[in-house]
Structure formats: structure tokens, C-alpha cells
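J.: 3D model of this:
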Amino acid sequence: MPRIVTYNVHRCVGNDRRLDVARVADVLAALEPDIVALQELDVGRARTGHVDQAHEIARRLDMACHFHAAVTVEEERYGDAILTVFPERVVKVGPLPGYRPIPQLEPRGALWVEVDVDGAPVQIINTHLGLVPKEQQLQAAYLAGSGWLQHPKCQGPKILLGDFNATATSVVYRTFLKGLSPARGLAPTKTPTATFPSPLPVLRIDHLFVSPEIRVTDVFAPFSPKTRVASDHLPLVMDFEVVS
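T.: Have a look, this model is predicted:
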């Protein structure tokens, strides 16, 4: 049964302030995922030793990797990635709209990869929304529109996931319920899915939304000594099947 994980890795800097790409990769390896969506990766940045974190984690997991930079400053990049063991192809990458009244907000983006899951093409969209509610709402509406979730190529099984910086009571969350369902609500067994802050998680701001062709069998946020320290978020894990 396929397993997908979304994980904000906080530049691979843990709550102990230690930079440790291997530790993040170990957290993921222990979960044995088939698809991984990562947020807050540094690629070639001086602050994290010029390491390509996206491809280093992918190498350690023996996965293909597609990275999208939301921020680029000369040779330094920062953004999100999708990793997988399945056959894949990039469909689209791009920026999300900012909020003009606050132009200094961090740029945000999204990455869309089509993954072949046992012969079925599944559309995977990974994103990391901003921190300001008005900004988030613009970005959510943009993703829900004709360029992304309503795009002609975004048909059939699809999974939208990532760090939305918004809870289930938000406008952002409700925006994605038009055509998609929250995976947590579909899981047969209800287990804790709060992911932030990782030492004592109380907020559900990382989410998985699925189309009707995705049958969710489990959703959980692994809480262990290593996940509590490796990043400021816990990973969020979903087991699923693709149904016709």
C-alpha cells in the first residue's frame, strides 16, 4: 500500500539548533514512504553549508527528486521538493501570489508532479503557504483555480499537501473542500495529527487533501524522540489506495 509523507524540515535545523540533514533523512527512512513532499529546504545556501538538501535527502532515500525554489538569491535557493520511488514527471512549478500591502513577505510557491502509482497517474501538488491570513487566502484561491487544481491536466486521482500555516477552522482550509476532502476525516482510525510545534504539537497546520479516487487507510503524525527534535514540525503520514 503506498505511503505519502509531508514534512516541513526547517532547513534541517532541529529544535536543538543542530544542522543535520542525515537526521531528517533517517526520520523519513524509518517511515518507509513511497512519496515525500518537503518544505523549507536550503539548496546551496551559505547558512547551511552550501548543501543541496533536497537531493541529499533523496540520495539517502534512493528516490527521484524535483525541487522548486520559492526564493533565489544568486546561487542560493530555498523552497520545496517532491521525492518518490515511483515513475514521475514534473507537470508544473511556479510562484504563488503575494499580498501587495506587505511586499516584504517571503515568496511562496507550489510544485506539481504526476506520479505513476501501480499504473495509475496521481497528481501530487506540494505547497507552503504564507503566514498572513489575507496572503494565505489569495494563495489558496489561486491553487484552487484554473492554473492548478482546476487545470485540465489535473484530472483523476490527486493529492494536495504541504504546510498551509492554517488550521481546519480557516478560510484557507475551507477553500480546498470544494472538490477535495481532508484525509484526516477519511481515515478509519482517528489518531493525533497535530504537527506543530514538534516538541508538544497542538496545531494542525500541515494537511493532506485528496480527491474521491484516493482511499485513505491511515493518517498519523509520528511522535518520537527523533521526530520531536529533527524539525519544528512533525511529519504527517498517509497510507492510501487508488480506486477507480
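J.: who's V36 bridged to?
T.: The partner list for V36 in beta bridges (DSSP bridges) reads V5, L83.
J.: ok, it - contacts?
T.: For V36, the contact set (CB atoms under 8 Å, 6 or more residues apart in numbering) comprises I4, V5, T6, Y7, L28, I57, L61, M63, A81, I82, L83, T84. Quick note: C-beta positions are derived from backbone N, CA and C, even for glycine.
J.: What of D218?
T.: Contacts of D218 by CB under 8 Å, 6+ apart are A187, P188, T189, T191, V237, M238, D239.
J.: what about the residue of the chain positioned farthest from its centre, is that helix, strand or coil?
T.: Distance from the centre of the chain peaks at P101, with 26.9 Å (CA atoms, centre = their mean). Assigned by DSSP: H, G, I helix; E, B strand; the rest coil, the conformation of P101 is coil.
J.: just V216 next, same as before
T.: With three-state DSSP as the criterion, V216 reads strand.
J.: Show me what counts as buried in whichever strand or helix holds A140.
T.: Of the helices and strands defined by DSSP states H and E, A140 is found in helix 133-144. Under the neighbour-count criterion of 16 or more other CB atoms under 10 Å, helix 133-144 has E135, Q136, Q137, L138, Q139, A140, Y142, L143, A144 buried.
J.: got it, and stretch 197-213?
T.: S198, P201, R204, I205, D206, H207, L208, F209, V210, S211, E213.
J.: Likewise for stretch 52-65?
T.: By 16+ other CB under 10 Å, the buried positions in stretch 52-65 come out as D52, Q53, A54, H55, E56, I57, A58, L61, M63, A64, C65.
J.: got it, and stretch 213-227?
T.: Buried-residue list, stretch 213-227, by 16+ other CB under 10 Å: E213, I214, V216, V219, F220, A221, P222, F223, T227.
J.: Many thanks, have a good one.
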